[in-house]
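Student: with the sequence up front, the predicted model follows.
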Amino acid sequence: MIDRQQQGCSRSDGSSRSVVSEIDRLVHEPARLIIMAYLYGVDGADYVFLMKSTGLTWGNLSSHLNRLEDAAYIEVTKEFVDRKPHTMAKLTRKGREAFDAYRRLMRELFEGLPCA
């Protein structure tokens, strides 16, 4: 018989509440979370790639990217390529640190939950 500790289970001691209170709500919002997850694995991505990958509309994507840019989590650059506008987004150091912290807190939260 495998005991609860071997399964990765733990007792609920209320520490989950403190972990939840530390979660960055800006990153936690589903659309921004998926945007940051895509940007985490690449040097940068253009709006078309992000729109197709996330399933967000142009307006929704733009709105969420603006929120992330205002927080200095991403950097947006605009240029013309073959006379067409081309907009790129990439995570900043602050954004990468915020995403790493989010991942660490979520892991901590799930590891602290009791098993059924």
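Tutor: Happy to help now that I have it.
Student: CA only for contacts and neighbour counts going forward, please
Tutor: Will do.
Student: and the gap between the residue sitting nearest the centre point of the chain and L65?
Tutor: By CA atoms, centre = their mean, the chain has its centre lying nearest to L33, at 3.2 Å. Distance, L33 to L65, using CA to CA, to the nearest Å: 11 Å.
Student: kindly report the same for Y47.
Tutor: Distance of Y47 to L65, given as CA to CA: 10 Å.
Student: the more surrounded of these two?
Tutor: Using other CA atoms under 10 Å as the criterion, Y47 and L65 rank with L65 on top: 22 against 18.
Student: for the longest helix belonging to the chain, packing partners?
Tutor: Criterion DSSP state H: the longest helix present in the chain is helix 93-111. Other helices and strands packing on helix 93-111, by 3 or more CA pairs under 8 Å, 6 or more residues apart in numbering; DSSP states H and E, are helix 15-22, helix 25-28, helix 30-40.
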